[in-house]
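Colleague: Need a 3D model of the following:
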Amino acid sequence: MSASEILDQKPVARDMFSQQAAHPNADVSVIPLRGATIPTPKSGRASAFESKAAELRKPADASFPPANLADAENLIRILRELEAIAKRQAPRIAFKANGSILLLDLADIFAVEAEGNYVSLRPRSNSYLVHDSLSSMAEKLKPYGFIRIHRSVVVNISAVEELRPLPTGEYRLRVKGGKEYLVTRTYKHNLRDLAELWVGPERLCG
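Modeller: Coordinates of the predicted model:
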């Protein structure tokens, strides 16, 4: 500031002194000096910083909400749970046979057949008699991908390899290992569960 500008500020200084004397608790520092630049409430640097921060807060694409740490942690947790489910061992069935309790993977059982007051579990090899009714077994096994195809047969849908329609409206069903079963008209609607997708012009198992 030049000497002449300093002299110009003397009246303002006298006013500030007078105000301070009359009102000791008043803040007179806010009175600007002549020729002085009046600062804005926010400096240019602070204003630029806030402007940049506001930009960063905006999502790049308005159609996608901004992600945060909680979202990322949630996603990681869900992925870990899915991985654990994928690695989980196939469901098992426990039953009493020959004085012992045996355990079998349900995926290994191709079919369950009625035999009097018993049911015969048919895994890849051998077979086991269990004291139970086929109706009861069909209900227990339904959530695990087993369907009833005959009054005396329940099959594992993952074991079915082939279906052949018959002139009678019934079907011939073949499971892994080559064994075949008859699918009666009473239960043929259950065949829709064999596949998630049926393609082609024909509507099988209608």
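Colleague: Now do the helices for this structure: every range, in order, please.
Modeller: For the chain, the helices defined by DSSP state H occupy 3-8, 10-22, 44-57, 69-87, 134-141.
Colleague: Give me the mean pLDDT for the second one.
Modeller: The average pLDDT for helix 10-22 rounds to 53.
Colleague: burial of Pro167, as a residue count?
Modeller: Look at Pro167: counted by other Cβ atoms under 10 Å, it has 5 neighbours. Every C-beta, even on glycine, is put in place using the N, C-alpha and C of the backbone.
Colleague: How many neighbouring residues does the residue lying closest to Val154 once chain neighbours are set aside have?
Modeller: Counting by Cβ to Cβ, 6 or more residues apart in numbering, Val112 is the residue found nearest to Val154 once chain neighbours are left out, at 4.4 Å. By other Cβ under 10 Å, 25 other residues sit near Val112.
Colleague: Does Val112 have any beta-bridge partners, and if so which?
Modeller: Listed by DSSP bridges, the beta-bridge partners for Val112 are Leu121, Val154.
Colleague: same question, Arg174
Modeller: When Arg174 is checked against DSSP bridges, its beta-bridge partners turn out to be Glu162, Glu180.
Colleague: For it, list the residues it contacts.
Modeller: Taking Cβ atoms under 8 Å, 6 or more residues apart in numbering as the contact definition, Arg174 lies against Val160, Glu161, Glu162, Leu163, Arg164, Glu180, Tyr181.
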